[in-house]
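> give the three-dimensional model of this entry:
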Amino acid sequence: KVMGDKVLHSIGNFVSHHLGQRFIEPQTADLGAVFRDSSPTTPLIFVLSTGTDPASSLYKFADELNFSRKLNAISLGQGQGPRAEGLMQEAMDRGKWVFFQNCHLSPSWMPTLERLIENIDKEKVHRDFRLWLTSMPSPKFPVPILQNSSKMTIEPPRGIKANLLRSYVGFSTDFLETCSKPEEFKGLLLSLCLFHGVTWERRKFGALGFNIPYEFTAGDLEICISQLKMFLDEYSDVPFKVLTYTAGHINYGGRVTDDWDRRCLMNILHDFYDPIVLEEDHIFSPSGIYHQFPGDTDYMAYLEYIKVLPINDTPEIFGLHDNANITFAQNETFSLLDGLLTMQPKTGGGKGRSREEVVSETANGILERIRDPLNLAAVMKKYPVLYEESMNTVLIQEVIRYNRLLGTVKRTLRDMLKALKGLVVMSAELEKMLNSLYNNAVPDLWAGKAYPSLKPLASWVLDLVTRLEFIQGWVDNGIPTVFWISGFFFPQAFLTGTLQNFARREIISIDTISFNFEVMKQPAESFKERPASGCYIHGLFLEGARWNSETFELGESRPKELYTDMPVMWLKPLENRVAPTSGFYECPVYKTLQRAGTLSTTGHSTNYVVAVEIPSSKAQNYWIKQGVALLCAL
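Residues are numbered from 1 along each chain as shown. The predicted model follows:
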């Protein structure tokens with residue numbers, strides 16, 4: 001049996017054994033070797049990937065060759081074409097370098113650049129002239145330039161070791177000793193480089209790392225290093241508050257748009273920008289693999305230490321549970337195998353059902369399983385709008401939303417079946433829908449009317465049927481004793497309705513009310529009556545941790561157990577509630593595993609629901625770094 005989370009590690013061992021260790025270790029770009037093979041008529045192109053910026057490496061290389069004053073750089077974009085053309089003409093005449101950045105942002109000027117390069121006269125151009133270009137992969141980039149250039153692919157380093165190595169290769173003994181506080185500078189420099197590596201590498205863990213995969217770059221680290229040196233020179237003591245603010249809220253935090261990601265980033269930064277990190281025996285990870293050095297350590301000792309670090313990071317340096325590596329490794333393996341499969345010859349034999357037959361059977365199966373829209377008039381008559389019961393309004397709104405989705409599903413399925421029979425024209429939208437059904441994916445026509453979901457089509461249909469059973473049960477049997485919060489189309493309305501019921505009953509302003517949270521010991525089936533105030537909810541899943549029913553608090557996940565059920569919770573409205581300061585973890589609740597959402601027209605996130613307080617004996621920052629969250633659906 002092949003374990004998906006072990007495949008990449010085994011491939012690395014195989015390559016190392018048969019080809020050598022250097023084939024699996026990160027390599028740094030050698031601009032000198034590329035430059036020696038270049039000529040005035042041959043452009044040098046950096047093919048960019050997300051999170052990379054070769055500008056600093058080029059500036060440093062130009063400085064080594066005493067060309068820093070002869071290097072003219074310009075970032076291409078709207079209106080920059082004529083200026084770039086003038087710089088290039090001047091550079092060809094006077095033997096300068098020109099550096100055109102982000103060519104993909106100026107596709108309309110690319111034909112002009114192609115003409116300028118073709119017209120370079122070998123006999124007249126200055127022998128020192130060089131043209132440096134950077135571009136993301138783009139169909140608008142001229143093919144002749146690519147064919148007649150020296151190309152370098154700049155990729156972000158993978159792993160803490162590669163990040164540290166790239167950073168420290170750019171340093172020198174003189175650089176480490178020029179600060180007025182060399183011992184503090186060395187210690188905080190290592191700590192800052194580790195922080196950069198951790199924030200960048202957390203992306204690979206998906207939503208467990210950050211809700212949104214931010215594009216932190218080497219430029220963020222470089223400005224932090226410059227500020228670190230400057231503030232150490234200017235202040236008599238180490239200004240940790242200033243350093244934390246500039247790094248956490250400006251340089252790195254300026255990219256962060258999600259409040260929960262900002263909370264995570266600041267907690268991580270606290271582990272690396274703190275007086276304790278300057279102690280000689282300080283360790284950055286429980287195993288001690290990543291540790292601090294004495295203040296008199298020289299530059300070469302840091303390099304030697306980095307070179308013996310493990311290539312594959314363990315989740316401990318990120319503050320994550322070992323289970324985080326399972327999801328990451330499985331995703332990497334599936335991506336690799338999918339790539340290999342796409343490169344296989346597309347040959348085959350034998351007879352099978354046509355695509356149209358498969359889609360027709362799938363569509364008929366869905367039509368049989370999906371019920372007709374609910375009778376809205378009957379629901380409104382049975383559950384009229386009442387001042388003292390906001391749940392009636394919540395139910396009616398849910399029925400309207402589900403009916404809109406059911407109507408769209410049934411109408412588009414019938415239209416597509418008619419199109420397959422040739423009774424109506426197969427429109428572009430129906431063609432896309434046909435492809436989605438064949439690939440077991442939810443069609444865009446449905447997803448636009450539906451609740452957020454990451455499920456494939458078959459699971460999505462089952463989930464929809466279950467949700468409709470929950471709504472129908474509410475209609476038939478009255479307001480539920482325990483609400484299945486995962487079954488709501490718009491759970492925020494349900495939570496607001498709960499607060500509104502309390503506010504109207506107690507005759508107080510809803511703005512002064514917030515929820516208190518209590519985890520119940522009994523299963524959902526044992527509750528026979530609604531609580532006196534608030535509501536019982538169930539159906540949530542914990543990711544990154546589990547509920548320990550013995551100690552009745554948040555606990556460590558069991559090995560290879562990625563998600564666990566959360567017990568019934570009682571949401572109790574209280575007036576002017578003062579939140580506790582310890583003994584709990586403020587846990588965000590999301591609709592899907594993706595976590596990231598957009599701000600909808602209602603002012604609510606399309607994915608975030610609410611934050612609940614879960615009892616915990618461990619400090620909040622422990623669970624924050626583990627990425628613990630509650631999910632409505634897997």
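> work out for me the element the residue lying closest to K181 once chain neighbours are set aside sits within.
For K181, ignoring the flanking residues on the chain, the nearest one in space by CB to CB, 6 or more residues apart in numbering is L232 at 4.7 Å. Where you see a C-beta, it was placed from the backbone N, CA and C, and this is true even at glycine. Here L232 sits within helix 218-234, counting by DSSP states H and E.
> give me the buried positions along that helix.
A218, D220, L221, E222, C224, I225, Q227, L228, K229, F231, L232 (16 or more other CB atoms under 10 Å).
> look up how far L192 lies from the residue nearest to K181.
Taking CB to CB, to the nearest Å as the measure, L232 falls 12 Å from L192.
> mind listing what Y273 touches?
Y273 makes contact with L188, S191, L192, F195, F240, L243, T244, A247, G248, according to CB atoms under 8 Å, 6 or more residues apart in numbering.
> one more time with 6 Å
By CB atoms under 6 Å, 6 or more residues apart in numbering, the contact list for Y273 reads F240, L243, T244.
> how near is the residue lying closest to it once chain neighbours are set aside to A378?
Distances taken as CB to CB, 6+ apart place T244 nearest to Y273, at 5.0 Å, with adjacent residues excluded. Separation of T244 from A378 (CB to CB) stands at 60 Å.
> the two - which one has more neighbours?
Shown here are T244 and A378; by other CB atoms under 10 Å, T244 has more neighbours (16 against 11).
> how far away is the more buried one from D274?
Relative to D274, T244 is positioned 9 Å away (CB to CB).
> which sections of the stretch 251-400 of the chain are below the confidence cut-off?
Applying pLDDT under 70 to the stretch 251-400 of the chain flags the ranges 341-352.
> in the longest helix belonging to the chain, what's buried?
Longest helix in the chain, counting residues (DSSP state H): helix 391-420. For helix 391-420, a neighbour-count test (16+ other CB under 10 Å) marks 391-399, 401-403, 405-406, 408-410, 412-413, 415-417, 419-420 as buried.
> output the contacting helices and strands for it.
Judged by 3 or more CB pairs under 6 Å, 6 or more residues apart in numbering; DSSP states H and E, helix 391-420 is in contact with helix 355-369, helix 376-382, helix 428-438, helix 491-506.
> ok now stretch 582-591, how far from the chain's centre?
Stretch 582-591 has its C-alpha centroid displaced from the chain centroid by 20 Å (CA atoms, centre = their mean, to the nearest Å).
> revised request: answer the last question for stretch 319-333.
With CA atoms, centre = their mean as the basis, stretch 319-333 stands 14 Å off its chain's centre.
> CA atoms only for that stretch - export them in PDB, please.
Output in PDB follows, covering the C-alpha atoms of stretch 319-333 (Å, rounded to 0.1, in the frame of the first residue of the first chain):
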ATOM      1  CA  GLY A 319       3.700  25.800  15.900                       C
ATOM      2  CA  LEU A 320       1.500  23.300  14.000                       C
ATOM      3  CA  HIS A 321       0.500  19.700  14.900                       C
ATOM      4  CA  ASP A 322       2.200  16.900  13.000                       C
ATOM      5  CA  ASN A 323      -1.100  16.200  11.300                       C
ATOM      6  CA  ALA A 324      -0.600  19.400   9.300                       C
ATOM      7  CA  ASN A 325       2.100  17.700   7.300                       C
ATOM      8  CA  ILE A 326      -0.200  14.900   6.300                       C
ATOM      9  CA  THR A 327      -2.600  17.200   4.400                       C
ATOM     10  CA  PHE A 328       0.300  19.100   2.900                       C
ATOM     11  CA  ALA A 329       2.200  16.000   1.800                       C
ATOM     12  CA  GLN A 330      -1.000  14.400   0.300                       C
ATOM     13  CA  ASN A 331      -1.800  17.500  -1.700                       C
ATOM     14  CA  GLU A 332       1.800  17.700  -3.000                       C
ATOM     15  CA  THR A 333       1.700  14.000  -4.000                       C
END
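> what sits up against that stretch?
Identification of contacts with stretch 319-333 by CB under 6 Å, 6+ apart yields G4, D5, V7, L8, K204, F205, L208, P315, S557, L562, K625, Q626.
> now with 7 Å?
With CB atoms under 7 Å, 6 or more residues apart in numbering as the test, stretch 319-333 has contacts from 4-5, 7-8, 204-206, 208, 315, 544, 556-557, 559-560, 562, 625-627.
> ok but T52 is inside a helix, no?
No - the assignment for T52, made by DSSP: H, G, I helix; E, B strand; the rest coil, is coil rather than a helix.
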